[in-house]
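**Q** next one to model:
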Amino acid sequence: MATNSIRILSGNSHPVLAELIAKRLGLDLSNVTVSKYSNQETAVTIGESVRDEDVFIIQSGCGEINDHLMELLIMINACKIASARRITAVIPCFPYARQDKKDKSRAPISAKLVANMLTIAGADHVITMDLHASQIQGFFDCPVDNLYGEPSVLKYIRENIPDWRNAIIVSPDAGGAKRATAIADQLDLDFALIHKERKKANEVSRMVLVGDVQDKVAILVDDMADTCGTLGLAATTLKKNGAQAVYAIVTHGVLSGKALEVITKSDLTKVVVTNTIPHASKKKLCSKLDTIDVSRVFAEAIRRTHNGESISYLFRHIPE
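**A** Residues are numbered from 1 along each chain as shown. Sure, this is the predicted structure:
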């Protein structure tokens with residue numbers, strides 16, 4: 001593997017994932033200091049040469065999301081003006097991905113704004129996972145590789161959910177139907193859908209189940225769990241309709257607000273999230289949380305990008 005010209009940089013959003021990715025590639029993280037001045041401006045110092053190097057900057061859209069986005073933009077720009085050959089922004093969870101369309105008067109399309117900022121800062125390529133809306137790829141004027149969490153989810157279901165052959169895959173809303181049916185087809189299982197009616201954003205008023213879950217293990221799949229209100233209500237609806245147990249498998253576990261309290265009190269047997277967003281501290285507070293490690297997927301995507309190999313293999317397979 002031609003690793004002599006790869007440089008992996010990490011911001012402050014998810015250093016643990018960056019370490020795991022670098023370790024899988026057999027590399028050390030490059031020396032970068034990201035701090036703040038007393039007036040809260042972000043300061044970046046890159047401690048080694050990146051001239052004519054293939055640079056990958058790992059920064060997830062989570063936590064202090066605006067600070068971390070600014071860190072990423074400044075790191076990209078610092079590498080650009082230090083004459084890096086190519087700069088790839090590795091963004092496991094894309095920030096502002098839910099603001100991807102003009103759904104009401106005077107609404108901004110913030111995901112497009114973020115795409116513009118990344119491009120202008122100097123990003124030549126973006127690697128992300130399970131974008132909330134796949135059309136976000138079209139907001140960029142540079143290549144975007146949107147990796148799928150699906151192969152990792154399938155592996156988890158087969159290895160960790162007892163009696164998974166008696167399961168039914170459930171989408172908690174109409175928007176996630178395509179994702180849920182793809183997983184159901186791969187496992188040769190039935191599919192159900194929950195139709196939800198919202199009073200306002202992040203607040204669901206009523207849920208209607210379409211499909212038969214009687215005496216089955218219900219597996220809810222979604223791309224993002226934020227306040228977990230939807231998952232909690234969905235679990236209650238599924239239990240009322242005769243489900244034996246309810247699992248939730250989500251790519252991005254934002255778990256904000258009262259999410260942990262909702263999970264603990266809900267009918268959910270387990271909530272499984274990937275480590276695109278750090279949640280070690282939350283895992284200690286909630287015994288129902290479990291983790292899927294996606295570092296090997298990102299490490300292999302970086303290796304393949306650097307060597308000019310196809311990324312599409314990763315859409316269906318988990319690298320060894």
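**Q** need the next SSE after the helix or strand of the chain with the lowest mean pLDDT, C-terminal direction.
**A** Lowest mean confidence among the helices and strands of the chain (mean pLDDT, DSSP states H and E): strand 203-210, at a mean of 77. Later in the chain than strand 203-210, the nearest helix or strand by DSSP states H and E is strand 217-225.
**Q** next one: that following strand to chain centre, how far?
**A** 14 Å (C-alpha atoms, centre = their mean, to the nearest Å).
**Q** pLDDT averaged over the following helix or strand past that strand - what is it?
**A** Using DSSP H and E, the next helix or strand after strand 217-225 towards the C-terminus is helix 229-240. Helix 229-240 carries an average pLDDT of 92.
**Q** how about helix 229-240: buried residues?
**A** Buried residues in helix 229-240, counted by 16 or more other C-beta atoms under 10 Å: 229-235, 237-239. All C-beta spots, glycine's among them, are computed from the backbone N, C-alpha and C.
**Q** between those residues, which is nearest Pro278?
**A** Within these, the smallest distance to Pro278 is 19.7 Å, found for Leu231 (C-beta to C-beta).
**Q** got any ranges where the stretch 101-250 of the chain has weak pLDDT?
**A** Applying pLDDT under 70 to the stretch 101-250 of the chain flags the ranges 198-205.
**Q** would you map the helices across it?
**A** Counting by DSSP state H, counting those that start in this stretch, one finds helices in the stretch 101-250 of the chain at the ranges 110-121, 150-160, 177-187, 229-240.
**Q** what's the closest of those to Lys265?
**A** Closest among the helices of the stretch 101-250 of the chain, using C-beta to C-beta: helix 229-240, at 7.5 Å.
**Q** which residues touch that closest one?
**A** With C-beta atoms under 8 Å, 6 or more residues apart in numbering as the test, helix 229-240 has contacts from 170, 172-173, 194, 196, 202-204, 207, 209, 213, 218, 220, 222, 225, 246, 248, 250, 262-263, 265-268, 271.
**Q** and with 7 Å instead?
**A** 170, 172, 194, 196, 202-204, 207, 209, 213, 218, 220, 225, 246, 248, 262, 266-268, 271 (C-beta atoms under 7 Å, 6 or more residues apart in numbering).
**Q** tell me the span between the first and last residue of stretch 53-71.
**A** Stretch 53-71 has an end-to-end distance of 20 Å (C-alpha to C-alpha, to the nearest Å).
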